[in-house]
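Q: build the 3D model from these lines:
(one chain, ligands or ions: 1)
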Amino acid sequence: MIDPNGSPEVDPSLLQIWGGSPLEGHVKISGAKNSALAIIAGALLCSQDCCVRNVPSLVDVRRMSQLLLALGVKLQQRGDILEIDASVIGHSQAPYELVSQLRASFFVIGPLLARLGIAQVPLPGGCTIGARPVDLHVRGLQAMGADVQIEHGMVHAYVSDGSRKLKGAKIYLDYPSVGATETLMMAATLAEGETTIENAAQEPEVVDLANFCREMGAKIRGAGTNTIVIAGVPSLHSTDYKIIPDRVEAGTFLVAGAITHSELSLSPVVPEHLMAVIAKLQDIGVQVIAESPDSLRVMPGYSLTATDIETLPYPGFPTDMQAPFMALLTLSKGDSVITETVFENRLRHVAELNRMGADIRVKGNHALIRGVPMLSGAPVVATDLRASAALVLAALAADGKTTIQGLHHLDRGYEQLEMKLLSLGAKLQRLSP
Ligand code: EPZ
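A: Numbering: from 1, shown residues only. Predicted structure coming up:
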């Protein structure tokens, strides 16, 4: 069942990790968090019930499920299966206390407008990695005929003509925003006429959402390219859909193998979703081989060499892998430069890695990393989801004990990370106060 009271915002527990143990074995990769969040919102488009499988058990997914319940939608969870029945949507206002905890909640604005012709969704706050504006979402919805007013931190949107139906439009995104692409693609599925989204995001999670909507009868073509065309239809029908594996979790475990000089196998994965990460691992001397169409094996070389990374929209190097990969580069021989181009404040893990003996300097949106022979365990604090993963990875390689605070970040995006690491031979324990 979904806990209607949600989870505590800050988790006071600590994760203690004793570094230096080699890992070995196989790790099962969970369903993609960023697909699940968009697809749960997308289920609002369906005027019948639908089933979503391979849903990861994460705090953020529970929060998105709570949001749908708050909108009056029926929702049942059975293990990794979500049964969602949005045949009736009771409310058009998303509660502030839920949206403020999960930025992705804002994705419901497109489906609510598409189904009801009205939506009130609190403006999602920024977070530690950036201001996270939603101007591209809003401008696209306005282009589709929505009247959008933002006041007192609330986005009021409604279709001003009597039809209550959005209209197809040609939209150009100034930036290939994942969320804006998803919001507008969902809104367009039930609009009158055809919508074109130019300079659209090409992330695999956008394609996953498009495939989910197409299985409900939406007419979408071009997902995965920079131009998506959606022909509106009157309604969408039931489907039973399985979410893709989480490429960021998979990338994180590839780095776990590399940083501990351990051979690990991962499945299920979609190797092509990890091309940029695999290319960079091979660049620094780590072999990654496909053991089967949906599994990978990481085989680290004796030593790691430096490389430069620039985060970019897909298919470029993913910003969500920037912090985990930085942990690896702190131990690579030579000087590496990481340039974060997607978010304006996503280098806050540098200070914590330096507390563990890394040698990193930040200049603007560049991190200059000088490889060191060894990291040492220390008490550290996680600042955001992927930064917490970076600290776990660094701790697995460090000499001695690391204690990590801020585990609520970790629990948002990695399903059973500790159990998976323990099963690979890591030495760690979570201490609850
Ligand atoms: C999605 O966030 C992911 N979240 C993020 O994953 C991921 O890092 C990001 O895409 C980039 O790949 C989910 O899918 C739930 P964006 P999103 O809109 O949609 C600017 C994780 O760790 N922008 O592509 O919010 C924005 O400020 C999370 O799993 C505008 O200026 O990302 C940023 O600089 C973190 N105006 C850039 O675009 C807008 O209207 C990319 O943001 C929207 C975005």
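
Q: when you work out contacts or count neighbours from here on, use the C-alpha atoms and nothing else.
A: Noted.

Q: quick check, the helix or strand of the chain with the lowest mean pLDDT touching the ligand?
A: Lowest by mean pLDDT, DSSP states H and E among the helices and strands of the chain is helix 96-99, with a mean of 87. No - Helix 96-99 lies out of reach of the ligand by Cα under 6 Å from any ligand atom, never closer than 12.3 Å.

Q: same check on stretch 34-41?
A: Yes - for stretch 34-41 and the ligand, the contact criterion (Cα under 6 Å from any ligand atom) is met by residue 34.

Q: please apply the same query to stretch 178-186.
A: Yes - counting by Cα under 6 Å from any ligand atom, the ligand is contacted by stretch 178-186 at 178-180.

Q: what sits up against that stretch?
A: 38, 42, 45, 104, 107-111, 114, 134, 136-137, 140-141, 197, 200-203, 206, 209-210, 213, 228, 230 (Cα atoms under 8 Å, 6 or more residues apart in numbering).

Q: mean confidence for it?
A: Stretch 178-186 shows a mean pLDDT of 98.

Q: also stretch 382-389?
A: Across stretch 382-389, pLDDT averages out at 94.

Q: kindly export it (C-alpha atoms) in PDB.
A: Provided in PDB are the C-alpha atoms of stretch 382-389 (Å, rounded to 0.1, in the frame of the first residue of the first chain):
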ATOM      1  CA  ALA A 382      25.400  13.900   0.800                       C
ATOM      2  CA  THR A 383      24.000  17.000  -0.900                       C
ATOM      3  CA  ASP A 384      21.800  15.500  -3.600                       C
ATOM      4  CA  LEU A 385      20.900  12.100  -5.000                       C
ATOM      5  CA  ARG A 386      23.800  11.500  -7.400                       C
ATOM      6  CA  ALA A 387      26.300  13.100  -5.000                       C
ATOM      7  CA  SER A 388      25.300  10.500  -2.400                       C
ATOM      8  CA  ALA A 389      26.000   7.800  -4.900                       C
END
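
Q: can you give me the buried ones in it?
A: 382-389 (16 or more other Cα atoms under 10 Å).

Q: which pair of the residues you listed spans the longest distance?
A: Spatial extent of these (Cα to Cα) is set by the pair 383 and 389 at 10.3 Å.

Q: now the common contact residues for the two.
A: Residues touching both residue 383 and residue 389 by Cα under 8 Å, 6+ apart: none at all.

Q: number of nearby residues for the closest residue to the ligand within the stretch 251-400 of the chain?
A: Closest to the ligand within the stretch 251-400 of the chain is residue 343: 4.2 Å, counting by Cα to the nearest ligand atom. For residue 343, the neighbour count with other Cα atoms under 10 Å is 16.

Q: that one: which element?
A: For residue 343, there is no helix or strand it lies in under DSSP states H and E.

Q: isn't it right up against residue 133?
A: No - counting by Cα atoms under 8 Å, residue 343 does not reach residue 133; the two are 11.0 Å apart.

Q: could you tell me the end-to-end distance of stretch 150-166?
A: 19 Å (Cα to Cα, to the nearest Å).
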